[in-house]
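**Q** The following block contains a protein sequence and its predicted model.
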Amino acid sequence: MGLQVLEAHQTDQLSACKLSLLLGVYTADNKIARFMRIARAILNVENAIFTFHNEPYKWIASEESDFKALFVQNKKNFATYFENDLVITQPHPHYEKLSTHLSNLGVEHRRLLCYDLRFETQESIAHVYFFDHQQLEFTAKQLDLLKELTTGLITTLQRNFESEDYYELYEQERALNFSKTKFFQIIAHDLRAPFHGLIGFSDVLANERETLDDANAQNIANYLYETLQSTYSLLENLLNWAMSEGGRFEYHPINFKLKQTSRIVYDVLNTLAVKKNIELIEDVPADLTVFADMNMVTSIIQNLVSNALKFTHTDGTGKVSVTAKSVGSNIEIMIKDSGLGMTQSQIDQVFEPKIKVSFKGTTGEKGTGLGLVLCKRFVDLNHGEISVTSHKGEGTTFKVLLPTAKEPHLTLSSNEVVQT
C-alpha cells in the first residue's frame, strides 16, 4: 500500500479522536473496524481507509491487516471532489483527479470507491476509501447495501455523540449542585456563629443590664457593633457576588480621579485600622485618572484593604498601604500589607470561583473568600487585570491594572455626583 502504519495500541493521540472513541476504536466493540470489514465484504474489495476530518489518525483495513492506524500530520480534506455527491466511483467527473491524488499519496489502486459520511444536517464528518487492484465495477446493489450500512453507522455515532453531550451536561449540573450545597453550608455556618453571639449579648443587655457596669456594657456594645459590621460586610459581598454571577451588574464606566475612591476607602476603614493598631496609608497621586465603573473600583479597593487589615499583625508594627502609579496605558493600584502572607498553593487558588472557608485573620476573623472572587469579577468587568505576590510570614501585595482615562479633560471631579 505504500503507507507507514502503526498498530492501534501504538497511537498516542487518541484523546484528540473523540468521534473514533465514541465508536469504540480502542475496545473490543470497535464499530469502525466492524464497519470496514462488512463494507469490504459487500464490495468484495481488499483495502479500506476510514478518516474523520478533524482527527489525526486514519484507520486502515486490508486483507493482510485487519485494523491499523496511520498518523497524518497534515491531513488533506478531499471534500471538494465530492461536491453534493455521497459516492465517487469511476463514472464521477472528479474520479480521475481524486484517483491521481491518492496515488501520489501512496494509495496504489486500479479500482476506487470513495464515500462521504454525513450527519442528518448534511455536515460532512468523515470519508472512507475502498480500493484494490481488481477491474470489476461496483454494482448498484453493492452501493445500496453500502449506503444502508453507512447510515446505520452514522445513526449509532450520532446517538453516542448526543449521549456524550448529555452526560457532560449531567456531570456539570451535578458539580454545580454540589457547589451550591457547599455554598449554603458555608454561608449558614458563617452567619450562625455571629448570630449566637449577637443573641447572647443582646439577651444580657435586655434582661441583665442592672448587673453590668459601664465598662462591661461598653465592651458588649463594641462587640455587637463589630460583629454586625462584619456580618453586614459578608451579606453585602454575598449579594454582590450573586448579582455578578447572574450577570445583573451593569457596567457604567466613566473617567474619574482614582484618589476619590481610595480616600473613601481610607475614611471608612481607618477606624478599624486604628482599633487593630495597624497603620493604614493612602498615598495615591491626585492626578491619576481611570476609565472604569466607580462603584466597582471602590468595592475592589475596599475588599482588598479589608482583607489586608484582616491578615496584618496587631502588635503595632503592622502596615497596610494603598498606592498607585501610571504604567503605560493603565493605572496600577497596589495594596500592600506586612501580614501573614500566603503559600504558593494558597496564591494559586485565591481567585478561584469556589466558595470556601477562608483562613482566620490575626484576631480570629473568618470569611468565605467571596471578597477576592468578587474583586476578580469586577476587575474583569472593567477590562483590567489583578495579580498577587506573597511570601509566608512576609506580607502580601495585590496589584490591579485598570485602563487610564480616555479623555482626561472629561474626568469626573470630586464634587460631581455619580449616577449608577
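**A** Sure, I can see it. Numbering: from 1, shown residues only.

**Q** what's the first-to-last distance across stretch 65-82?
**A** One end of stretch 65-82 sits 28 Å from the other (C-alpha to C-alpha, to the nearest Å).

**Q** Give me the mean pLDDT for that stretch.
**A** Averaging pLDDT along stretch 65-82 yields 78.

**Q** Ok, stretch 256-274 next?
**A** pLDDT averaged over stretch 256-274 gives 86.

**Q** As a check, name the ranges of all strands in the stretch 151-300 of the chain.
**A** Assigned by DSSP state E, counting those that start in this stretch, the stretch 151-300 of the chain shows strands spanning 253-257, 279-283, 289-293.

**Q** how many degrees apart are the last one and strand 253-257 in direction?
**A** Orientation note: strand 289-293 sits at an angle of 150 degrees relative to strand 253-257 (axes from the mean of the first three to the mean of the last three C-alpha atoms, to 10 degrees).

**Q** For strand 289-293, give the mean pLDDT please.
**A** Mean predicted lDDT for strand 289-293 stands at 92.

**Q** which helices and strands does it pack with?
**A** strand 253-257, strand 396-403 (3 or more C-beta pairs under 8 Å, 6 or more residues apart in numbering; DSSP states H and E). (Each C-beta comes from the backbone N, C-alpha and C, glycine too.)

**Q** what packs against the shortest one?
**A** Contacting strand 253-257 under the criterion 3+ C-beta pairs under 8 Å, 6+ apart are the following elements: strand 289-293.

**Q** Output the strand it packs on as PDB, restricted to C-alpha atoms.
**A** What follows is strand 289-293, C-alpha atoms only, in PDB (Å, rounded to 0.1, in the frame of the first residue of the first chain):
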ATOM      1  CA  THR A 289      -7.400  59.200  36.400                       C
ATOM      2  CA  VAL A 290      -9.000  55.900  35.300                       C
ATOM      3  CA  PHE A 291     -11.800  54.800  33.000                       C
ATOM      4  CA  ALA A 292     -13.900  52.400  34.900                       C
ATOM      5  CA  ASP A 293     -17.000  51.800  36.900                       C
END
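
**Q** That strand vs strand 396-403, what angle?
**A** 90 degrees.

**Q** So what touches strand 289-293?
**A** 251-258, 297, 331, 378, 381-382, 384, 402-406, 408, 411, 420 (C-beta atoms under 8 Å, 6 or more residues apart in numbering).

**Q** Give me the buried positions along that strand.
**A** Within strand 289-293, the residues scored as buried using 16 or more other C-beta atoms under 10 Å are Thr289, Val290, Phe291, Ala292, Asp293.

**Q** And the helices in the stretch 51-200 of the chain?
**A** 79-82, 95-104, 140-207 (DSSP state H, counting those that start in this stretch).

**Q** Other residues contacting the first one?
**A** Contacts to helix 79-82, defined as C-beta under 8 Å, 6+ apart, come from residues His53, Ile88, His94, Lys97, Leu98, Cys114, Asp116, Ser124, His127.

**Q** Would you format those residues as a markdown table with neighbour count, distance to Asn307 and pLDDT included?
**A** Compiled in a markdown table, these are given as follows (neighbours: other C-beta atoms under 10 Å; distance: C-beta to C-beta, whole Å; pLDDT from 0 to 100):
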| residue | neighbour count | distance to Asn307 | pLDDT |
| --- | --- | --- | --- |
| His53 | 15 | 50 | 88 |
| Ile88 | 24 | 66 | 93 |
| His94 | 16 | 67 | 92 |
| Lys97 | 14 | 67 | 91 |
| Leu98 | 18 | 65 | 91 |
| Cys114 | 24 | 64 | 95 |
| Asp116 | 21 | 59 | 93 |
| Ser124 | 15 | 54 | 90 |
| His127 | 21 | 58 | 93 |
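
**Q** hang on, Asp312 packs against Lys319?
**A** Quick fix: residue 312 reads Thr, not Asp. Yes. Counting by C-beta atoms under 8 Å, Thr312 does reach Lys319; the two are 7.3 Å apart.

**Q** what's the domain layout of this protein?
**A** Per automatic domain parsing, the domain ranges recorded for the chain read 8-138, 252-420.

**Q** quick one: the first one to chain centroid distance?
**A** Put plainly, it is domain 8-138. Computed by C-alpha atoms, centre = their mean, to the nearest Å, the chain-centroid distance of domain 8-138 equals 36 Å.

**Q** Ok, the longest one next?
**A** For domain 252-420, the gap between its own C-alpha mean and the chain's C-alpha mean amounts to 24 Å (C-alpha atoms, centre = their mean).

**Q** where does the stretch 301-420 of the chain dip in pLDDT?
**A** When residues are selected by pLDDT under 70, those of the stretch 301-420 of the chain lie in 353-370, 407-420.

**Q** now the strands for it?
**A** 319-327, 330-337, 385-390, 396-403.

**Q** Now the first one: buried residues?
**A** If you call a residue buried by 16+ other C-beta under 10 Å, then strand 319-327 has these buried ones: Lys319, Val320, Ser321, Val322, Ala324.

**Q** Check stretch 28-35 too.
**A** In stretch 28-35, residues buried by neighbour count (16+ other C-beta under 10 Å) are Asn30, Lys31, Ile32, Ala33, Phe35.

**Q** Pipe those residues into a markdown table and attach distance to Glu210 per row.
**A** Below are the buried residues of stretch 28-35 laid out as a markdown table (distance: C-beta to C-beta, whole Å):
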| residue | distance to Glu210 |
| --- | --- |
| Asn30 | 86 |
| Lys31 | 85 |
| Ile32 | 87 |
| Ala33 | 90 |
| Phe35 | 91 |
